[in-house]
Structure formats: structure tokens, C-alpha cells
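Colleague: Predicted structure and sequence below. I'll ask about it afterward.
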Amino acid sequence: MSKSPEALKAEILKLTREYSRLVHANNRPGDDPLHPGNGQKNDSGNLSVPYAGRVFDEDEVEAAVSSTLDFWLTLGKEGDALQEELAKFLGIKKSILTNSGSSANLLAVSSLTSHKLPKEKRLRPGDEVITCAAGFPTTVSPMIQNQLVPVFLDNNPVTGNVDFSGLEEAFVPGKTKALMFAHTLGNPFDLKTAIDFCKKHDLWLIEDNCDALGCSYTMPDGTTQYTGTWGDLSTQSFYPPHHLTMGEGGAVNIRRDMKLKILVESFRDWGRDCWCASGIDNTCNKRFGWQLGELPEGYDHKYIYSHIGYNIKPLDTQAAIGRQQVKKLPKFIQARKDNWEFLRKGLAGMDEFFEFCLPTHATGWSPDGFTWDGSGCRVDCSWFGFMLLVRPEAPFTKSAFAKHLDQKKIGNRMLFGGNLVRQPAFVQLKKDYPEAFRVVGDLVGADRIMNEAIFIGVYPGLTKGQMEYMIDGIQEFVRR
């Protein structure tokens, strides 16, 4: 007697889990007893320590195979469920999946250009968005792609985040329409200053939360929320180095205004006016009762387009993986915090050579914890990386330090694009279109980040032995 489809699928998934346990042991969390490197001290001849990587077990592999066997493929029930689970985790109204964090930034900015917004709030060509100079380019690219003008503030090199001292100077009444910044390497930017400024001038606030899922920010009155829940819109990335992964993927988070949901989904889904889910044809109960633009009355609403949009959805199989990752997210976040603290304690005493990253609003670090400024604000970082600045007076350069780490096979990265206005794309843009962006101040902090900053990994796949190896490798270089 042949087996039923249900029995065959159960057998396939059982074997899938067995296969994953055998093949993917190195991708398990660092504290997992099945991780082959857990607690072991390895020598330099056979150890490679990536700065980041996928962390998963047989749950994600089973979910991916199960979804693939169903073969729905395009975003469906798994996507719907993941959107609800992400929104519930963050405590917001809605999360909308897309195919990358960069696309999430594109959607967030594009949605605010919609003609369906009030005239005074809509972003129009030539309007300005205040951002900061050092970071990842796709925080800024959507502004230029929408014919907006980025206005670059400097960065604080110790936090990596925007330096708000030039904020009032950057503001131009009638031209400035929004603020958009990333929470750099899982360190929240000064949200109180940003929110107060946006309220004062009636501006949009977009949080690029791609590196910071699970960070929290506390206001002076004690109100504590995750980053990504304070602005009008925020964005996430689910690329493998990030806090959870779908392989590729991202999301736009909507704090409270559900009118923005319709706009984000429209730009994501070809620019269509219809809000029916895939496979559903008449949510509005008037599919053939609309008259929009110069189309004939009764034109099929599923083929009416109100925006010049994109098609940038992820696959349902990716969402199935993401749902398993969300379950592990609290442990992943705690591991990042613990790993950062382990490295910081292990590298204590090296302040002569390095200036270490501090959380926003922190004034210092000791093995007992951080000291804080008088603002009353506090942050709890879900770190993306461990950043340090090679001091100008150190007897070595950042480049020499990076080469040493590479030789020791210790993964390391610059702070992404460094000072973006020094990048060839932005230099050429300024030559071709001198009004394409503005710079406030001399960007000395962003230049310090470009010239001195480097970061190493804290991701949840690291073992204690790997982190000890990283500390030993850095100490060896400094002693030499």
C-alpha cells in the first residue's frame, strides 16, 4: 500500500531534521551543546572567526522544506503569520515584509511621496531629509532615487550615531520634511532629541532599524520601547548577518497610522490601488465599481495603479524560515549583549590604543556597567558589532590592524561606507548635480569613523573559544 501524502511529508521532514543536525552543526547558536566549537580554545592554524553569519538549527530547515513541499512560493500564509508575529514582538500596528532591508528603506521613503498624503506632509522633489554622513548607503539612496535632497549631519565617532549639534542649522522651513537615521551597529541614536525636533516642526521620523532589532530606548519619564517603534516608520533587514535571517528579506514597520500601510503595500506591490491579498479578488466589494484616473468606470480594481511602484516581495518559504527565527529572537538578542560585554571585558586596559564604542547617553564603561549623562535617557543595545577606533596616537594604523585580523582569520569590517560624501558615487553625484545634497559642518566625526573605526563580531553563533581567540589575537598585535 502506498503512503499517503501526509505520511510521506512527515517522513521527509523527519529526515530533513536529521540531515540538518549532521550538516549544519556550525550554524547552531554558540551556547548550543551540539555546536562543535562550544567552549573550546582553538589555535590560530585552524580557526576562522567570521564577523557575522547565519544562526539556525533544524527548525528553520524543516520549515523551509515544508513550505517548499506545499509549493505556494509567493508570499502567502507564512508571510501573513510572520508579519503578525513581528508586529507583536515590537508592539506596533503592522510589519510589512519586503525582499531586503534596502528595499524596506526605499518603501519607507517612497510611501511618504504619495499624492494620497496631505499636501503639506507629502515629500516632493527638492524637499530635504536630514540624515547623517557615516553609515550604509541605502539609508540615503532612496532619498536621491525619489529626487529628494539628503542633508548630511556629522556623526559622533564614539557612538557611531548622528551628532545632533547641527540639527537646527540643517533645518530649512518649508523644505525640511523628514529625519531618517540608522541605529548604528545596534546602538540607538538620540531618539528624544529627534522626536522633540519632529514634533516642533511637524516632520516625519524614519528609523533605519536594520542593525538594531531588539534594542530599547528609555525616555526620562521611564517610558521604554524597542527601537523601530518610535518613528512614523521604521525598517528591518533580515540579511544573514542581522538579528534574524530569512536569507534575504526585510520589513517596514508602522507604529500606529494604518493609512501608511496602504501606501507601503502599494509601492511594494507594483503601485496598485487594490489592497486584496494574493488569491483574493474583491475585498472592497466593488472590484468593478471604481473610477480612478482617466480609466473607464468599472475598470478592474486589481489592475488600477495609483503609484509608480515596484515588485519587491519575499517568498513564503523565506517567511517560514523567519517565523522560526522570531521564536529564537530573545535568546539571539541576549547573546549579542553577552558577547559584546565579554569582548569589552577581555579588551579592558587597551584604552591607550583604542577608543571603544559607548551606547548613546553613556559617559563611560567599567566592568560594573555604564555611567550615564544627565538627560534621563537610557539605551539597552542589541549589538550588531563591536566597534573600536584606532587612536591617531597609537603606534599602528587601522589598516595594519585590519590586516592583522585578516591574517588571523578574524572577521572585521569598516563602519560600512564610512563618510558617504567621500564615496565615488556621491563625489560624482555632486559634480553632476551640485544641488543633489547638502552638508552641514565639516564632518570631522564621520571622517574619524572612515579613518579609524573597525568592528568585529558579536553574533549569536560565536563560541566562548572563538571570542577568547579574538581577544588573544588583538592582544598579541598590540604587544607586538
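Modeller: Okay, I see it.
Colleague: Show me how this structure divides into domains.
Modeller: Domain assignment of the chain by automatic domain parsing yields the ranges 69-317, 329-479.
Colleague: For the stretch 351-480 of the chain, which segments count as strands?
Modeller: For the stretch 351-480 of the chain, applying DSSP state E, counting those that start in this stretch gives strands covering 354-356, 362-366, 369-372, 378-380, 385-390, 412-413, 438-439, 453-457.
Colleague: first to last residue in stretch 429-440, what's the distance?
Modeller: Start-to-end span of stretch 429-440 (C-alpha to C-alpha, to the nearest Å) is 17 Å.
Colleague: same question, stretch 372-391
Modeller: With C-alpha to C-alpha applied, stretch 372-391 spans 23 Å between its terminal residues.
Colleague: buried stuff in stretch 170-180?
Modeller: Neighbour counts over stretch 170-180 (16 or more other C-beta atoms under 10 Å) mark 170, 171, 176, 177, 178, 179, 180 as buried. C-beta coordinates here come from the backbone N, C-alpha and C atoms, glycine included.
Colleague: and that stretch, how far apart are its ends?
Modeller: 13 Å.
Colleague: and the strands of the stretch 351-480 of the chain as JSON lines, adding distance to residue 246 and mean pLDDT?
Modeller: Shown next, in JSON lines, are the strands of the stretch 351-480 of the chain (distance: least, C-beta to C-beta, whole Å; pLDDT from 0 to 100):
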{"stretch": "strand 354-356", "distance to residue 246": "32", "mean pLDDT": "98"}
{"stretch": "strand 362-366", "distance to residue 246": "32", "mean pLDDT": "98"}
{"stretch": "strand 369-372", "distance to residue 246": "33", "mean pLDDT": "98"}
{"stretch": "strand 378-380", "distance to residue 246": "25", "mean pLDDT": "98"}
{"stretch": "strand 385-390", "distance to residue 246": "20", "mean pLDDT": "98"}
{"stretch": "strand 412-413", "distance to residue 246": "21", "mean pLDDT": "98"}
{"stretch": "strand 438-439", "distance to residue 246": "36", "mean pLDDT": "98"}
{"stretch": "strand 453-457", "distance to residue 246": "20", "mean pLDDT": "98"}
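Colleague: Out of those, which is closest to residue 68?
Modeller: Evaluated over the strands of the stretch 351-480 of the chain, closeness to residue 68 peaks at strand 453-457, with 30.3 Å, by C-beta to C-beta.
Colleague: Would you indicate which residues of the closest one are buried?
Modeller: 453, 454, 455, 456, 457.
Colleague: coming back round to it: format the strands of the stretch 351-480 of the chain as CSV; extra columns: distance to residue 291.
Modeller: Below are the strands of the stretch 351-480 of the chain laid out as CSV (distance: least, C-beta to C-beta, whole Å):
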stretch, distance to residue 291
strand 354-356, 62
strand 362-366, 58
strand 369-372, 59
strand 378-380, 51
strand 385-390, 53
strand 412-413, 53
strand 438-439, 42
strand 453-457, 55
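Colleague: Next, the distance between the ends of stretch 353-373.
Modeller: One end of stretch 353-373 to the other measures 25 Å (C-alpha to C-alpha).
Colleague: Quick check: closest non-adjacent residue to residue 282.
Modeller: residue 276 (7.0 Å; C-beta to C-beta, 6 or more residues apart in numbering).
Colleague: Can you tell me how far the one you found is from residue 79?
Modeller: For residue 276, the distance to residue 79 (C-beta to C-beta, to the nearest Å) stands at 15 Å.
Colleague: In terms of neighbours, single out the busier of the two.
Modeller: residue 79 (26 against 15; other C-beta atoms under 10 Å).
Colleague: Contact partners for that one?
Modeller: 97, 313, 314, 316, 319 (C-beta atoms under 8 Å, 6 or more residues apart in numbering).
Colleague: Could you say which helix or strand holds it?
Modeller: helix 77-90 (DSSP states H and E).
Colleague: Relative to the helix or strand following that helix, what are the paired strands and their orientations?
Modeller: Next helix or strand after helix 77-90 toward the C-terminus (DSSP H and E): strand 94-98. Sheet pairing of strand 94-98 (DSSP bridges) gives strand 250-254 (antiparallel).
Colleague: Only the C-alpha atoms, please, for the strand it pairs with, written as CSV.
Modeller: Output of strand 250-254 as CSV, limited to C-alpha atoms (Å, rounded to 0.1, in the frame of the first residue of the first chain):
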residue,chain,number,x,y,z
GLY,A,250,13.3,43.0,5.2
ALA,A,251,10.3,44.7,6.6
VAL,A,252,8.7,48.2,7.0
ASN,A,253,7.2,48.7,10.5
ILE,A,254,4.2,51.0,11.0
